[in-house]
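> After the sequence you'll find the predicted model.
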Amino acid sequence: MNGYRELDEACLAESAVAVALIRHFADEWARWGHVDDLHYWRSNSGREVDFVIEQDRLFHGIEVKYQTAVSGWDELSISKGIGRGVLVTRDTFKFAAVPRIPVWAFLLLRL
């Protein structure tokens, strides 16, 4: 295969979410040359949340888990580390304190 690797769907899903978020902040990026309202979070123990957006001094975590089974640790990372947010999953809808939404549905949202 000439050194080419197959595409990793989980990486593509996370990249698609990143593109959607950057599009949301495009005006800020164009005006200032950087995006101050888009972050990521990592705990002292190494837990992380892929994206954290700040709007009106409130933080919202977005964790991408493009896999069949999602653990409760991911919800805890968002709820304890950030306070609120959403898990973007491969194919699961779940309405809870930290909702789960499939990546295809997340990409349809108007942020």
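Perfect, I can see it now.

> Please make it C-alpha for all contacts and neighbour counts, starting now.
OK.

> contacting residues for the closest residue to Tyr66 other than its chain neighbours?
Excluding the flanking residues, the one nearest Tyr66 by CA to CA, 6 or more residues apart in numbering is Arg90, at 4.4 Å. Arg90 makes contact with 65-68, 102-103, according to CA atoms under 8 Å, 6 or more residues apart in numbering.

> how much space between Arg90 and Ser15?
Going from Arg90 to Ser15 by CA to CA, to the nearest Å gives 14 Å.

> which residues in the chain form helices?
Along the chain, counting by DSSP state H, helices occupy 9-24, 26-32, 72-81, 103-108.

> Can you check which of these gets nearest to Asp50?
Between Asp50 and the helices of the chain, the tightest spacing by CA to CA is seen for helix 9-24, at 8.3 Å.

> And that closest one, what's buried?
Across helix 9-24, burial judged by 16 or more other CA atoms under 10 Å covers 13-14, 16-18, 20-21.

> Then stretch 64-81?
Using 16+ other CA under 10 Å as the test for burial, stretch 64-81 gives 64-66, 70, 74-75, 77-79, 81.

> What is the nearest of those residues to Trp41?
Distances from Trp41 to those, taken by CA to CA, are shortest for Gly81, at 7.7 Å.

> Find the residue closest to Glu48 in space, skipping its chain neighbours.
Arg42 (4.2 Å).
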